[in-house]
Each structure stands twice: as structure tokens, then as C-alpha cells.
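Colleague: what's the 3D shape of this:
(2 chains)
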Amino acid sequence: MPHSNKERQSNIGNALEKIIGPRAGSTEMVDTRHDNTVGLRRFEYEDGVIARSVEAREQIQRMAQPFVFSREELARNHIIVQGDENEEALTLLKDLRNRITLKQAALGATILVTTIGEPRGASILARNLAAIISTDESRTSLLLEAQDTDAELHDKSQNATGLYDFLNSDTLSVADVIHPTGIPRMRVIPFGEAQSINFDYLRSTRMRILIKDVTRRYPRDRFTVIDAPPVDKVADVELLNEYADIIVLCIPYGKVTLADAKRGIAKLDKTKLLGTVLLGTPRLPATFKKFAQ
Amino acid sequence: MRYSVETDYKLLLRNIVQYRWFIAIMFSVIAIAFTVLGYFAPKKYTSYATLLLDSKTVIQPLIPGAPDTGAATNWGDIADEIVHSRKTLTKLMQSLGYIDDEIRTVEDEIIKDQLERNIKVSLDGSDKYLKIEFSDPDPYFAKEVATRLTDIFIAATHGYRARESEEAFEFIDQQVKEYHRKLQEAERRLKEFKTFKLSSGASSELAVNQRLERLQATLDQAQLDLKEALIQKASLERQLNGEIQQTVSLARQSQYLDRLTKLEDRLAQLRLTYHENYPDIVQIKYQIEDLKRAIEREKRNKSMDLAGVSGGIKANKVYQDIRLQLSEVETRIATLTTRINEVKKNIELERQKGRLVNDTDAKLAELTRDYEVNKRLYEELLRKREAARVSKEIDEQHKGLNIKIYQPAFLPAAPSGFRFIHFVLMGLVLGLLVPVALIYVYQLLDNTIKSAEMIQAKLGLSVLGDSPDIINDDDLAHMRRSRRLMGMLVGSSFVVMVAIGYLKFIQADV
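Modeller: Numbering: from 1, shown residues only, chains lettered A, B, ... in the order given. Purely as a prediction, here's the structure:
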């Protein structure tokens, strides 16, 4: 691995950039998927992990955090807090997070969370995944709600615009639709008030712009979790394949037949598929757990 | 969908937890239903009498070969038939006072059917004991009926047995009479035949042969004699003819000789007178010559020509003798011929008789055989009849089959059959089993994805983990409430069951 001076210099430049702000035309930072910088970055990570995380932390601390959710509010949104009832889910989420963050040496990745059949479980999982990623002080996460959910992660009092508004307007910019949430270091692009959903919304140009921007602008900064509709119910979810680094497929317990599952899976990019998660297994009382595990 | 035995039961547990409401409701419904059923199920008291079938008697060892007295009968089936028969039930109903003499109306029929339904007959203890049971809500009534039924049954079996042996006896008696008649018939025929044989003189073959021989000998002798006689006759005839001839010839010769003599005399005379060449002498000489020649000729062939011969023949003694002999012989011949004919006829007759005799012998043998067989059969039947008679006597006096009442019908203290508590328990058990079974069936049929193994095996994807839904406090409260509700449901069904049980308990005492 050549460590040329020039490259070292450019890395330092990047760090400075972060502190100062983005330089116009700094294209090196945009497309980091397909060149050697990833490998270099890995080295960097191994060498200077503490330095970087300190650096990141400082930067992140300067993120705007207007409000913090209380416990009840978190609970309302089905975000796990340290509690007993959701122990298994918590373990699962932590496991997921570890896999994701270890797999991606960079401080950022795009995770597509989708499901087969029922949208609810996946939505909650995506939410929680984003939340748990952001518990690490050196990481930020962005939840992109690509389907209508019942979560209210952003501050509703502000007239917050969401995905839907973005898709239907030409003037809004991506930054306009990113809102902070009550969870530190977690941002959200809410779905927005939708009177009627255009079925092809995933295919629309605006959507493409949004996605591209979100996933490629700050790849090292944050983890983007896309809360996608069920892959077998809504068409064109496979378009999101392209933008994702990791795909997590949720399978609701007892609601999906093998045939449906096969059909759904066929639409996803297998190389990016991290694995499946079986959601919604019945809760067993403590005594049963011994026998049924 | 079956995956493996291990995941099978784990999956079952999960399904049970998932569908607990279904189980709870079904449990309540089934348990209460069974309890109600138990409440309405009538208490049944069963009373029964045990009868001992003792098929060994005192008599049997005394009479070896005596007919068996019921050991081989299938008492189970017979008893069942007798007890459930219309006759028995009619008697029972008469004895209980439901009817006077016969089952007439529809209500009577209904009562009869009810009674019949509650009667049970069974063999017990390796076919030695017979149990007659009767069940009824009223224990006193049950005992009453059981007692009466047993009595009727015992009476019926005696009647049955006696009837049976009587019928057997009747039958054999009839057979005996029949064979007696046949025997007499055979005897008569035999007698007739023998008489006929004797009268026809036909006797045995041996006699016939002997007679034939004798006759044959006689015939031969007679034929020989005849031949002899004929020869004799021929010879006599010849003799006679010869004699006649001879006589005739002699007569002629004598005549010739006479003439010759005469001629010679004359010749001599003439010669005295005349010369040799005298024509008369020559003539006479010629005559003498001729005569001599004729004599010669005569001697040589004696002609039978009687011309010129006088009747002196008949006076010839020899001739007469011969004639006498001849006539004797002729008589003998005639006699013999007749005899021969007679004997021939007799022989023919004898031959016919002989043929007859063979036929007769065969026929006699057959008749004799017939008679013998009939006689044997008859004797045997006689023996059997006596045995049947003894059996009948035995049965009539009830000394054959001993049906003893081993244990009379008792007053049942406790009800039999399913009691209330049984129903309740059954309800509880089924209330759990049935829904779980249904769930298992559902599980077998269910083909949705419910386990990580399935995903890994059938879809080839790695499973990162599984978890229940993420719940918040609201959900938790909701779950608690639902759990409470379920508890109340199950609790209330228990309360209902206990209440019904209490009602039943009260009812029993009233």
C-alpha cells in the first residue's frame, strides 16, 4: 500500500476541510466508493482511530440539537431504551450495529432496511437502528423514511417538510428536508403529510436527486438508514438497491410464505445483503424460554 | 410445516403462546359444556345377579356315554337371546305390572324398548359365570328388575333345555318307528322270497348241478342204450331179412330141390324107359341143369323175391324168434327215445332252473343284506332312543344343567357409569387437549416462515437474529390488561363449573 506524500497531504486536507467546511469542488470526498481511498481509509482508521474519533466528536458536538426526547416520547415512537421487555430486540440491534460499523471501515454507510409483507416491523427496526448507531458519540445517523410511518421523530411544531414535499416541489433543497430528531446525532427526513401517494414516487427524478445527495454527500460522516416499503408490495424498491451499501431484510414472523419470500429476495442485490432478521416472534413467558429456545 | 422434531415442539410452544386466546376461549367453552352435560347426565345404578353355570352333574359318571348335559352349548349367546327375547320381556313387564298379558299399545312397546336397552347379559370368568344386569336411575327398581329377570331367565332355560331334549327324544322315537317299519318290510320280503324259492323247488346251485349231472348221466346212458338198441334192431332186421332171405332162399332152394328131386325122379324114371337122347330126358336134364344152376345162384345170392314162395316162411321158428326179438328191440327203442326226450327236456328245465338259481341267490343275498342292515340300524336307534329318554327325564327333573344363582341381585349403593366429576375432569382435559391439537394441526398446515432454520435452509440467507416486536409501555399495559382478562375468563369458567357442581350436589340430596 503506497503511502505517498501526496496522498497523506490530501488526507490531512480532508480533515481540515471538515473543520473549516467543504471546499467547492472537492470531488474527492464525493465518490469514495470505487477508488482506493477506501482501502487507504481503512489504514487510516487503524492507525489513527482515536484521533479521528476525537476529531469527529468535536465536530459532531457542534451539530444542532434543538430538543431531546423524553423517555415517554421515545417509547411512543417505539425507540428502545434500556428496558427489560425489549431485551432481545436490543441485543439484535446492537449486533446489527456492530456488524454494520465493522463492515464499513468508513464512518458512514447507507443501509437499506426493507421487509416482505408487513411494513411496520421494518420501520421500527430502521428507526431503532438509526437510533442505536447514533448512541456512539462519534457517529451520526440519518433516517430516510421512504414510506409512510407513524413515527414523529422530528419537531412537529415547526412546519417541517418531508420527503413528500420535496418530491412535489422544485424549490426545496435536500438540506431543507433534513430535520433533527429528539435523539442526539440522529437526523430524519420524514415522509411528510401525504394526501395521496404517487405510486411511482420512488422512480421520480426528485427522488433520485434526493437519494443521490443523501447517500453521497457525506459518506464518511454518517450512516444513512433508509426505511423502505416492503419489497414485494411496492414496486421499484429495487431502485434503492443501487444506492445502498448494506441491505437488511426483515421477515415478519408467520406472515410470509416461502414463495413470497423468494420473490422478494429476487429483487434485492445479494452481494449487499447483510442478512435477514425474523421480526415479531411471539413473546414467551420466562419459563417457556428455557424450552422454546 | 414440519421442519424437524426439535423445532416442532418449540414451534408448538410458540404457537400456543401466540394463540393463547383461542385456547382460553375453547377451554372455557368445552369445560363448561362438559360440566353442563354432566349435570344433565342421569345417574345410573346398575344391579346384577351372577349365575353359576355348572355343567357337571352327578348322573354323568354313573352312565358312561350318557348324553352331555349342556357343556357344549354356547351359553353366552343363548342367554343373551333368551333375556332379550320378546317373550322374556313380556313376562318381565307382566311381573312388573306394566301390562296384563300381551304388549299391545305403542306405549307398551316404548316401555319394552327402554327396559331392553338397560338390560345387559355377559359371560364372565372364563365362561363359568353369567351376569344379568339392569340399570336404572332408581336403585331399588334396578334391583327389582334384575331379580325378576333372573328368575324368568332361569325358568326359561329349564324350559329351553327340557324342550330341547324332548324334541330330540321325539325325533329319535320317530326314527325308531320308521326303521321298525322298514325292518318288518324287509323281513316280510325275505320270508316271501324264501317261500317262493322253496315252492318252486329251486334249491341251491349245488343241488341243481347234481341233478344236472344225474340227468346228464341218465341221458348219456339212455343214448348209449338207444344206440345199442338201434344196432340191435338193425342186426335183428338184418338177421330177419337174412332169415327171411335165408328162409326164402331155403324155401326156394327146397322148392328147387324138390323140383330137382322130382326131376331126377322123373329122369330116373324116364331113363328107365328111354334113351339119354330122348327129348324129354334131355329136357329134364336141361331142367335139372337149370335148376342146379338156380340153386347155385340161390345159394349165392339169396333173393328176396318172395314170388313163388309159400307162406311157410312165417312159420319158420327162427324167423319168429327174430321177429319177436325185433319187436322187443323196437319197443325198447321207443322207450329209450321217449326217455331220452324226457331227459333232454328235464335237462333244459334244470338249466333254466340253474339260471334262476343264480338270480335267486343274488336276490336272496340282497334281501338278506337289506334285512341285516335294517336290523342293525334299528337296534342302534333303539339304543339312542333310550339314551334320549334318559336325557329327557334328567332335564325334566332339572337334574341336568345346574344353573345356580351364585349371587343374587343386590341393591346398588353407588351409581355406575360416568359421574358428574368424570364429566368435569373430561371437560378440563379435553378443553386443553382439543385446542392444542387443533393448533398442532394448524401448525402442520401452516407454511409461513416462522423459524430461522427455515430461512437459512430454504432461502439460503443468513439470519442475523430474531426478536419479538418492540413494545413500549402502552403495549405493555395493553398486554397486561389482556392477560388479566384472560385470567378472568378462565377463572370465571371455573366458577361456573363449580356453581354447576354445587347445584348438582344439592340436587342429588333432594
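
Colleague: what about the strands in the chain?
Modeller: Here I'm looking at chain A. Chain-ordered strands for chain A, with DSSP state E as the definition, fall at A:109-115, A:140-145, A:179-180, A:186-189, A:222-227, A:246-252, A:273-279.

Colleague: other chain: chain B
Modeller: In chain B, the strands defined using DSSP E lie at B:45-54, B:119-124, B:129-136, B:402-407, B:463-467.

Colleague: Quick check: which of those is nearest to chain A?
Modeller: Minimum separation from chain A across the strands of chain B (C-beta to the nearest C-beta) falls at strand B:463-467, 3.6 Å. Placement of C-beta: from N, CA and C, glycine included.

Colleague: Taking the stretch 1-150 of chain A, what residue is nearest to chain B?
Modeller: Relative to chain B, the nearest point of the stretch 1-150 of chain A is A:Ala75 (3.7 Å; C-beta to the nearest C-beta).

Colleague: I'd like the distance between that residue and B:Glu366.
Modeller: Here A:Ala75 is placed at a distance of 122 Å from B:Glu366 (C-beta to C-beta, to the nearest Å).

Colleague: interface residues of the stretch 351-500 of chain B facing chain A?
Modeller: Residues of the stretch 351-500 of chain B found near chain A (C-beta under 8 Å from any C-beta of the partner chain) are B:446-452, B:454-455, B:458-459, B:461-474, B:476.

Colleague: Drop the exposed ones from the residues you listed and show what's left.
Modeller: The neighbour count (16 or more other C-beta atoms under 10 Å in any protein chain shown) marks B:448-452, B:454-455, B:459, B:461, B:463-472 as buried among these.

Colleague: that older thread, what residues does the residue of the stretch 1-150 of chain A closest to chain B make contact with?
Modeller: Contact partners of A:Ala75, counting by C-beta atoms under 8 Å, 6 or more residues apart in numbering or on different chains, are A:Val81, B:Asn472, B:Asp473, B:Asp474.

Colleague: In contact with the last one, which residues?
Modeller: Read that as B:Asp474. Going by C-beta under 8 Å, 6+ apart, B:Asp474 touches A:Ala75, A:Arg76.

Colleague: what's the spacing between it and A:Asp232?
Modeller: B:Asp474 sits 30 Å away from A:Asp232, taking C-beta to C-beta as the criterion.

Colleague: go on, the second one?
Modeller: Note on B:Asn472: its distance to A:Asp232, by C-beta to C-beta, is 28 Å.

Colleague: Walk me through the domains of the chain.
Modeller: Let's take chain A. Following automatic domain parsing, one gets these domains for chain A: A:5-61, A:71-292.

Colleague: Correction: the question concerned chain B.
Modeller: B:1-41+B:418-510, B:205-369.

Colleague: which stretch in the ones you listed has the least confidence?
Modeller: Confidence, taken as mean pLDDT, is least for domain B:205-369 of the domains of chain B (a mean of 80).

Colleague: and that domain, how far apart are its ends?
Modeller: With C-alpha to C-alpha, to the nearest Å as the measure, domain B:205-369 spans 20 Å from end to end.

Colleague: pLDDT below threshold where in chain A?
Modeller: Scanning chain A for pLDDT under 70 picks out A:1-64, A:104-107, A:156-159, A:194-199, A:217-221, A:238, A:292-293.

Colleague: That one: helices as residue ranges?
Modeller: Along chain A, counting by DSSP state H, helices occupy A:5-20, A:37-61, A:71-76, A:87-103, A:119-133, A:163-168, A:174-177, A:205-217, A:238-241, A:258-266, A:286-292.

Colleague: Name the nearest residue to B:Ala388, sequence neighbours excluded.
Modeller: Excluding its sequence neighbours, the residue lying closest to B:Ala388 (C-beta to C-beta, 6 or more residues apart in numbering or on different chains) is B:Phe169, at 4.2 Å.

Colleague: That neighbour: how many residues sit nearby?
Modeller: Burial measure for B:Phe169: 21 neighbouring residues, criterion other C-beta atoms under 10 Å in any protein chain shown.

Colleague: again, but for A:Leu102
Modeller: A:Leu102 has 8 nearby residues by other C-beta under 10 Å.

Colleague: do you know how far it is from A:Ile132?
Modeller: Between A:Leu102 and A:Ile132 the distance, using C-beta to C-beta, works out to 14 Å.

Colleague: and what of B:Asp138?
Modeller: For B:Asp138, the distance to A:Ile132 - C-beta to C-beta - is 77 Å.

Colleague: Between those two, tell me which one has more neighbours.
Modeller: Shown here are B:Asp138 and A:Ile132; by other C-beta under 10 Å, A:Ile132 has more neighbours (22 against 12).
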